[in-house]
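Trainee: show me how the following folds:
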Amino acid sequence: MKLTFGILLVVVVLFATSCASSRLGGGTASKGESFDLEGWRLIGCCCGSPCPCRINKKPMRCHGCDHTDVIHIDKGYLGTTDVSGITWVIAGRGFGEDVNQNWVYVYVTDKATDAQYKALGDMLNDDVKSWGDKAAFLAGKFVGMRKVPMTTALSPDGLGYSCKIPGILDIETCAIVNPGRTEPVKSSGIMDAWGDSFTQCNAKVHTLNDASIGYSWDLSGLQANFANFHLTPEKKAAGGGWGCWTANAKYGDNSPYQEQLHDHK
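Mentor: Now for the predicted structure:
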């Protein structure tokens, strides 16, 4: 299946739509087909907590946000296709000052069937038209896509998710629990393609090294977050998704990036 730039863009900001439509990002399956998706998603990036992009702020660094996004569907369907068990990972850089530095690569579990892959691609194609000129800021250059073996896990204490692609990616997180508290720290009212809240985490490990595409990083110890989700067409109006993002000078935000701020003495 040929991956167009349009498909790739929606993979990165899956199901997100314009702010004017105020949709959460459920999107629609191909030709108006129904969908019902239950699962979880994990994100780690090069910023500290809290994730600035989620509150419509610029990334901590001018170059943008180096990030890994893991999306797993526990149970669900797209139209007539059962997509239960699908996992995909997006690695890339987005939200930067210079859109020419933005890039993205997509890894898909090698357990995905051709029918599952096609159903996902059809839906992403249907959703891409809503992005307009924000495409270059949210995603960027498509580096490639391939199927790879991968494993995911929930920690025994339920406080962290992990994903491993042998020889390429290792990300493991642990939820932040404040002193005197028993429940993890959570943020709500955030920008996100899958809902309006997430659990704040630290990345115990977050490394990428893919010689085949020439990108690598070690973001261990930095910001991460995860969320469980259940998306249906009826829930797509629950939030604004990434369509409301405006944290760039092109959209009137002339505030500095955090690395440009001066220390106050």
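Trainee: ranges for the strands of the stretch 1-150 of the chain?
Mentor: 35-45, 65-78, 81-82, 87-94, 103-109, 141-148 (DSSP state E, counting those that start in this stretch).
Trainee: any chance of those strands in JSON lines, plus distance to Gly167?
Mentor: In short, each C-beta sits where N, CA and C put it, glycine included. Output for the strands of the stretch 1-150 of the chain, formatted as JSON lines (distance: least, Cβ to Cβ, whole Å):
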{"stretch": "strand 35-45", "distance to Gly167": "18"}
{"stretch": "strand 65-78", "distance to Gly167": "15"}
{"stretch": "strand 81-82", "distance to Gly167": "30"}
{"stretch": "strand 87-94", "distance to Gly167": "14"}
{"stretch": "strand 103-109", "distance to Gly167": "12"}
{"stretch": "strand 141-148", "distance to Gly167": "9"}
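Trainee: now these in a markdown table, with mean pLDDT, distance to Ile165 and mean neighbour count?
Mentor: Shown next, in a markdown table, are the strands of the stretch 1-150 of the chain (pLDDT from 0 to 100; distance: least, Cβ to Cβ, whole Å; neighbours: other Cβ atoms under 10 Å):
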| stretch | mean pLDDT | distance to Ile165 | mean neighbour count |
| --- | --- | --- | --- |
| strand 35-45 | 95 | 13 | 22 |
| strand 65-78 | 95 | 10 | 21 |
| strand 81-82 | 94 | 24 | 18 |
| strand 87-94 | 92 | 7 | 23 |
| strand 103-109 | 89 | 6 | 21 |
| strand 141-148 | 86 | 5 | 16 |
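Trainee: among those strands, which comes closest to Gln223?
Mentor: strand 35-45 (5.6 Å; Cβ to Cβ).
Trainee: and that closest one, which strands flank it?
Mentor: When sheet partners are counted by DSSP bridges, strand 35-45 sits next to strand 65-78 (antiparallel), strand 223-231 (antiparallel).
Trainee: could you dump the ones you listed into TSV with distance to Cys163 added?
Mentor: Putting those into TSV (distance: least, Cβ to Cβ, whole Å) gives the following:
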stretch	distance to Cys163
strand 65-78	5
strand 223-231	11
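Trainee: out of those, which gets nearest to Tyr215?
Mentor: strand 65-78 (8.8 Å).
Trainee: burial check on His262, number of neighbours?
Mentor: 6 (other Cβ atoms under 10 Å).
Trainee: show me the contacts for it.
Mentor: By Cβ atoms under 8 Å, 6 or more residues apart in numbering, the contact list for His262 is empty.
Trainee: and Lys57, by the same measure?
Mentor: When contacts are taken as Cβ under 8 Å, 6+ apart, Lys57 is in contact with Ala247.
Trainee: going forward, count from 57.
Mentor: All right, first residue 57 from here; so that's Lys113.
Trainee: Arg202 versus that one, what's the distance?
Mentor: Taking Cβ to Cβ, to the nearest Å as the measure, Lys113 falls 33 Å from Arg202.
Trainee: which strand residues bridge the residue positioned nearest the centre of the chain?
Mentor: Closest residue to the average C-alpha location of the chain: Asp125 at 4.3 Å, with Cα atoms, centre = their mean. In this entry, Asp125 is beta-bridged to Ile99, Ile146, by DSSP bridges.
Trainee: wait, it sits on Cys107?
Mentor: No: Asp125 is beyond contact range of Cys107, at 11.7 Å (criterion: Cβ atoms under 8 Å).
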